[in-house]
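1. take a look and give me a structure for this.
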Amino acid sequence: MTGILQLTCALLVAFAVADEHSHIYENQEEVVLWMNTVGPYHNRQETYSYFSLPFCEGPKKDIGHYHETLGEALQGVELVFSGLDIDFKASTAKTKYCEIELTKENFLAFEYAVKNHYWYQMYLDDLPVWGIIGEIDKNDGSLYMWAHKKFDIGFNGKNIVDVNLTSEVKVKLEEGAKVPFTYEVNWFPSSVKFADRFDKYLDPSFFQHRIHWFSIFNSFMMVIFLVGLVSMILMRTLRKDYARYSKEDDVDDLERDLGDEYGWKQVHGDVFRPASHPLFFCSLIGSGYHIASVVCITISIAVIGELYTERGSLLSTAIFVYAATAPINGFFGGSLFSRQGGKQWIRQMAASAFLVPALVCGVAFFINFIAIYYHASRAIQLGSMVAVACICVFVILPLNLIGTVLGRNMAGQPNYPCRVNAVPRPIPEKKWYMEPGVIAVLGGVLPFGSIFIEMYFIFTSFWAYKIYYVYGFMMLIFVILVIVTVCVTIVCTYFLLNAEDYRWQWTSFLAGASTSGYVYIYSFYYFFFKTKMYGLFQTAFYFGYMALFSMALGILCGTVSYVGSSYFVRKIYSTVKID
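-> Numbering: from 1, shown residues only. Predicted structure coming up:
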């Protein structure tokens, strides 16, 4: 069986990359060096095919590469065979493999690359290797290019466990000159275990810095403080409210009419009135449940499976989990829409299924046009677009339909503790700071304060050259975010209802969702003060995908806020006597 599997893999990739999957090599067996991308150092996402610069290939026969996962294709991986002859445990002395002439066109291309600090990436046995194109002389400003690649490859048994690249031999860039490219391979035994070979790429001093630990401790203390505050204040306040309402129940109707009644009890006939624009609202709530499920499952898999060791594996996992958990979206969105008296359930189901994919694809396709104009490797190919469309239409939509049908039949009947009045109650005047818009804006301050340090580490891992691996921290911060968001929104909902304003559903959602607004504002600060990004492509890529990230975070936090507030509202109205 193993032989058949190896033969199949060999046939798929021209008898060359079977060992990249097994990672087991015999002596003198070929080791493939893939050239991936090249691009400016300060713009991590602005990458181009390695041979878009006028480099020359080695003498060995070309080997084709295919995208093994959808995530690899969407992330712009462009593996091209280097043509260099590298064999397992066979050292190679300094060898010339090709030569290029710096014509005017070639000279200008390399000049631009060196001035913009271009770097390149390679892969050897799935281990990433980085190198720099050249450098600028600090004394006279002359431009130099590195012409010699020295590979030091560590092995442990039949496995490759370490790869180091040293760039040597500076050649001055001059129009008309000929530049010979050489390489050298040295093999050495290593005590590093195969399972630990990616540890050298991690940065514990950065991700496990005392500031990171302090931020988590600070957020944890905020949770304890908020939970205690909410419990103490609300319980004492609600106890007084219950006592007041019980006293009012003992007086006769005439005294009650002449009395000064106020508070959240007065809106009991409207508090469970359907939200405005219920189709859109229920679609957002369903999508929020969906995103929360994807986040929890993907982070859990990342904690267990170390997804950072495989190209595009985290994105591929997230796409698979998103498609597989589509019934969750339909169940909660469809059941809520049914409870709110919605009739056009098919439209709601379709809106819920395509809400997030449409936003993602819209932004991605806009950025893709810019990537195509730049001839960047990040340009999404037609095949990948078709694959994403097929997932949405043939997987997500049917599963969402199943979830919607189940939700409408299992949890679609309204079971509110209070009857909804036929005529809406007029909303009285109140202080400006009790308006729903103000509450919604201020509601996201504390949740953002609990996560903004973690945002720095996440941003740095994605937009800079760090590999994020502390997913346990991420899960803890996610739990803290949920608790803080629920506590803050419950307080906001209580103040709103106490002002006899029953528009709590959208207000609670937006109070949590406003966290994403602060995150997006923080992304502007990070862009201008923590990075050196430049150019249309990188700027559009950054702010486009930060908008998507903030949008997903907003839907997630808004849903958490609504669910917490809904439970709170049901609880207080089910324990008070309503005439």
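
2. can you classify T37 as helix, strand or coil?
-> Taken by DSSP: H, G, I helix; E, B strand; the rest coil, the conformation at T37 corresponds to strand.

3. bridged to it, which residues?
-> Taking DSSP bridges as the rule, T37 bridges to S49.

4. that one and Y50, how far apart?
-> 6 Å (C-beta to C-beta, to the nearest Å). (Each C-beta comes from the backbone N, C-alpha and C, glycine too.)

5. name the residues contacting each of these two.
-> Taking C-beta atoms under 8 Å, 6 or more residues apart in numbering as the criterion, T37 and Y50 both touch E78, Y120.

6. and the helices in the stretch 351-500 of the chain?
-> Secondary structure of the stretch 351-500 of the chain (DSSP state H, counting those that start in this stretch): helices at 382-391, 397-411, 436-442, 445-463, 471-498.

7. so which of those helices gets nearest V129?
-> In terms of C-beta to C-beta, the element of those nearest to V129 is helix 445-463, at 19.3 Å.

8. now that closest one, how far from the centre of its chain.
-> 12 Å (C-alpha atoms, centre = their mean, to the nearest Å).

9. helices or strands up against that helix?
-> Helices and strands in packing contact with helix 445-463 are listed as helix 204-207, helix 210-250, helix 471-498, helix 504-530; criterion 3 or more C-beta pairs under 8 Å, 6 or more residues apart in numbering; DSSP states H and E.

10. what residues of that helix count as buried?
-> 446-448, 450-461, 463 (16 or more other C-beta atoms under 10 Å).

11. stretch 159-166 now?
-> Residues of stretch 159-166 classed as buried: N159, I160, V161, V163, L165 (neighbour count, 16+ other C-beta under 10 Å).

12. do stretch 372-379 as well
-> By neighbour count on 16+ other C-beta under 10 Å, the buried set for stretch 372-379 is Y374, A376, S377, R378, A379.

13. stretch 389-409 now?
-> Of all the residues in stretch 389-409, those buried under the rule 16+ other C-beta under 10 Å are 391-392, 396-397, 399-401, 403-408.

14. same check, this time on stretch 378-389
-> Neighbour-count burial for stretch 378-389 [16+ other C-beta under 10 Å]: R378, A379, I380, S384, M385, A387, V388.

15. stretch 466-478 too?
-> K466, Y468, Y469, V470, Y471, F473, M474, M475, L476, I477, F478.

16. pick out the most distant pair among the buried residues of stretch 372-379.
-> Going by C-beta to C-beta, the pair spanning these furthest: Y374 and S377, at 9.7 Å.

17. residues that sit against both of the two, list them.
-> Counting by C-beta under 8 Å, 6+ apart, the residues touching both Y374 and S377 are Y48.

18. before we move on, back to that, and which of the buried residues of stretch 372-379 is nearest to W130?
-> S377 (15.5 Å).

19. which residues does that closest one contact?
-> Counted by C-beta under 8 Å, 6+ apart, S377 has contacts T37, T47, Y48, S49, G76, V77, E78.

20. at 6 Å instead, please
-> S377 makes contact with T37, T47, Y48, S49, G76, E78 under the criterion C-beta atoms under 6 Å, 6 or more residues apart in numbering.

21. model confidence over the helix or strand where M551 lies, on average?
-> For M551, the host element (DSSP states H and E) is helix 536-574. For helix 536-574, mean pLDDT is 94.

22. neighbours around N43, how many?
-> Neighbour count of N43, defined by other C-beta atoms under 10 Å: 22.

23. quick one: it and Y322, what's the gap?
-> Distance of N43 to Y322, given as C-beta to C-beta: 28 Å.

24. quick one on the thing from earlier: show me which pair in the buried residues of stretch 378-389 is furthest apart.
-> Longest distance between any two of the buried residues of stretch 378-389 is 16.6 Å, between R378 and A387; criterion C-beta to C-beta.

25. pretty sure Y469 sits against T309.
-> No: with contact defined as C-beta atoms under 6 Å, Y469 does not reach T309; the gap is 9.5 Å.

26. okay if I get the buried residues of stretch 378-389 as TSV plus distance to I299 and pLDDT?
-> Formatted as TSV, those follow (distance: C-beta to C-beta, whole Å; pLDDT from 0 to 100):
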residue	distance to I299	pLDDT
R378	25	88
A379	29	89
I380	25	87
S384	25	87
M385	28	88
A387	25	90
V388	22	91
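
27. and those residues as CSV, adding distance to N218?
-> Output for the buried residues of stretch 378-389, formatted as CSV (distance: C-beta to C-beta, whole Å):
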residue, distance to N218
R378, 36
A379, 42
I380, 40
S384, 41
M385, 43
A387, 43
V388, 39
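
28. which of these sits closest to Y534?
-> Using C-beta to C-beta, R378 comes nearest to Y534 of the buried residues of stretch 378-389, at 16.2 Å.

29. can you pull the contacts of that closest one?
-> G76, A371.

30. for the stretch 251-400 of the chain, give me the ranges with low pLDDT.
-> Where the stretch 251-400 of the chain drops to pLDDT under 70, the residues are 251-262.

31. one step back: CSV for the contacts of S377, including pLDDT?
-> Listed next are the contacts of S377 as CSV, based on pLDDT from 0 to 100:
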residue, pLDDT
T37, 92
T47, 93
Y48, 94
S49, 92
G76, 78
E78, 81
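
32. of those residues, buried ones?
-> Buried members of these, counted by 16+ other C-beta under 10 Å: T37, T47, Y48, S49, G76, E78.

33. from those residues, which single one is nearest G141?
-> Y48 (25.2 Å).

34. I63 versus the closest one, what's the distance?
-> Counting by C-beta to C-beta, the gap from Y48 to I63 is 20 Å.

35. quick check: the nearest residue to F527 once chain neighbours are set aside vs F365, distance?
-> Closest residue in space to F527, ignoring its immediate chain neighbours: Y542 at 6.0 Å, by C-beta to C-beta, 6 or more residues apart in numbering. From Y542 across to F365, the span is 17 Å (C-beta to C-beta).

36. L548 too?
-> From L548 to F365 the distance is 12 Å (C-beta to C-beta).

37. those two: who's more crowded?
-> L548 (17 against 11).
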